[in-house]
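Asker: Sequence plus predicted model, see below.
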Amino acid sequence: MNFFEYNFKSVSTNSKKTHPGFCGRRVSSKAVQTIFHNLNQGKSMKKLLLLLVGGVFFLSCGDKEGKISPSPDVERAGSINDVELVDGVLKFSSKTHLNSVIREIANQKDMVNWYTGSGFTSLLKRQNAITTAQYDKIAETGEFGELSDLAIFRGSGENKILEKIVDDPRLAAILNAKGYIIVSDTAYHIGAETASAIKIGQDYDILKEFLANYNMAGVKYSKVINEQLGNARVQDYQNTDGNRRIIGEFKRHLAPFYSSLVVKVSYKKKNLIGWSGTAADHLSFTTSGTYEKNEAGFISRSPFSGSRSGNNVEEISMFVVEVYGPAGLSWLSDCRANMYCQVTPSKLYNVDFYPE
């Protein structure tokens, strides 16, 4: 006597009654009798139907739960509350987690103090503490001093411009004051032109050594990009006296775990060595265009538009798009901007900027 025959014999012949069935489901006695009557008509058919009936009952058991356990490999988005702090460095469980947090803090008015725990100082906070006098000293002497890991001259000759090494404030908000971050099991350091990376897993002795020397044995290097793309560079407008400058840029930032496209307008003054930022009474711009994203060979194109403004500021910017990983981002040639700068009540500039 097999399992199905045993259950059949225990069923009452009253068709209105139900059988306890399988997996906690009730099955009518008449239905069970009909099944086994048909099974007894042929041995080969009986074996086949036994398999089918068994499959139905076991599938029914699975339906009752209605749940699928997530794969351990699936990345959980996480939030600000899930960010860890290890030796003064923020740790994100994955690029997906990093993505989620950056989107949260980008919508906050105060990106500097988004992390409320103790023991962390962001690169953005350190950048914001730089004074105009400190920038002026660098631009006049060429000596960076203690700011050598924060600022850099980009360009050459008459077009040397003093800028922050990490020019995207969202990225600066998650790096620690020295430019370190941990994503998954890898620690990174972001420099002017190079990113250093080393796998640490749970071995925080390796992390301590990396924090002391980001060129330690075993690190891997990749290029850091902070550039104006040639196919969408915005020309700058210079005053007739030659000592002030309004610069509009379509910029691309690229790090191993993060890339972004940003439209930026800044006001600069001429120094002995290059140009440095100085405040304008008012800056504003409107911009539009198309960008291209290449993710694992799938290319998509998307339009963008927007505007920004600010009073008594050196620069304003608009984030167009970002990706978290190896996807490629680029501007397309229809990008353009109209920028308005009021330096003083008597000096107003309204200039259109187009790609080369």
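Answerer: Okay, I see it. Keep in mind that this is a model prediction, so the values were computed, not measured.
Asker: Strands of the stretch 101-250 of the chain, start to end?
Answerer: 151-154, 161-164, 180-183, 186-190, 194-199, 220-223, 225-228, 237-238, 244-255 (DSSP state E, counting those that start in this stretch).
Asker: For these, which has the smallest mean pLDDT value?
Answerer: Lowest mean pLDDT of these: strand 237-238, a mean of 66.
Asker: Minimum distance to Asn113: which of the strands of the stretch 101-250 of the chain has it?
Answerer: strand 180-183 (17.6 Å; CB to CB). (C-beta placed from N, C-alpha, C; glycine too.)
Asker: hmm, back to that, can you redo the strands of the stretch 101-250 of the chain as TSV with mean neighbour count and distance to Gly145?
Answerer: Listed next are the strands of the stretch 101-250 of the chain as TSV, based on neighbours: other CB atoms under 10 Å; distance: least, CB to CB, whole Å:
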stretch	mean neighbour count	distance to Gly145
strand 151-154	18	10
strand 161-164	20	13
strand 180-183	22	21
strand 186-190	22	20
strand 194-199	18	21
strand 220-223	12	26
strand 225-228	16	22
strand 237-238	16	29
strand 244-255	22	25
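Asker: closest to Lys91 out of those strands?
Answerer: strand 180-183 (4.0 Å).
Asker: Parallel or antiparallel, list what pairs with the closest one.
Answerer: Paired neighbours of strand 180-183 in the sheet (DSSP bridges): strand 89-92 (parallel), strand 186-190 (antiparallel).
Asker: Let's have the ones you listed in a markdown table, adding distance to Leu211.
Answerer: Formatted as a markdown table, those follow (distance: least, CB to CB, whole Å):
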| stretch | distance to Leu211 |
| --- | --- |
| strand 89-92 | 7 |
| strand 186-190 | 8 |
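Asker: With respect to Thr286, which of these lies nearest?
Answerer: That would be strand 186-190 among the strands paired with strand 180-183, by CB to CB, at 31.2 Å.
Asker: what about that closest one, distance to the chain center?
Answerer: 15 Å (CA atoms, centre = their mean, to the nearest Å).
Asker: now do stretch 79-92
Answerer: Using CA atoms, centre = their mean, the offset of stretch 79-92 from its chain centre is 15 Å.
Asker: Just the C-alpha atoms of it, please, in CSV.
Answerer: Extracted in CSV, the C-alpha atoms of stretch 79-92 (Å, rounded to 0.1, in the frame of the first residue of the first chain):
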residue,chain,number,x,y,z
SER,A,79,19.9,54.1,3.8
ILE,A,80,21.9,56.7,5.8
ASN,A,81,21.1,54.8,9.0
ASP,A,82,23.0,51.8,7.6
VAL,A,83,26.3,53.6,7.0
GLU,A,84,29.1,52.4,9.2
LEU,A,85,32.1,54.3,10.5
VAL,A,86,35.5,52.5,10.6
ASP,A,87,38.5,54.5,11.7
GLY,A,88,37.0,57.8,10.7
VAL,A,89,36.0,56.4,7.2
LEU,A,90,32.5,55.9,6.0
LYS,A,91,31.7,52.3,4.9
PHE,A,92,28.9,51.5,2.5
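Asker: begin at 15 from here
Answerer: Sure thing, new numbering starts at 15, so read that last one as stretch 93-106.
Asker: residues in contact with it?
Answerer: The contact list for stretch 93-106, computed with CB atoms under 8 Å, 6 or more residues apart in numbering, reads 92, 107, 111-112, 114-115, 118-119, 128-129, 131, 133-135, 188, 190, 194-198, 201, 218, 221-222, 225.
Asker: ok, of the residues you listed, which come out buried?
Answerer: Neighbour counting over the contacts of stretch 93-106 (16 or more other CB atoms under 10 Å) leaves 92, 107, 111-112, 114-115, 119, 128-129, 134, 188, 190, 194-198, 201, 221, 225 as the buried ones.
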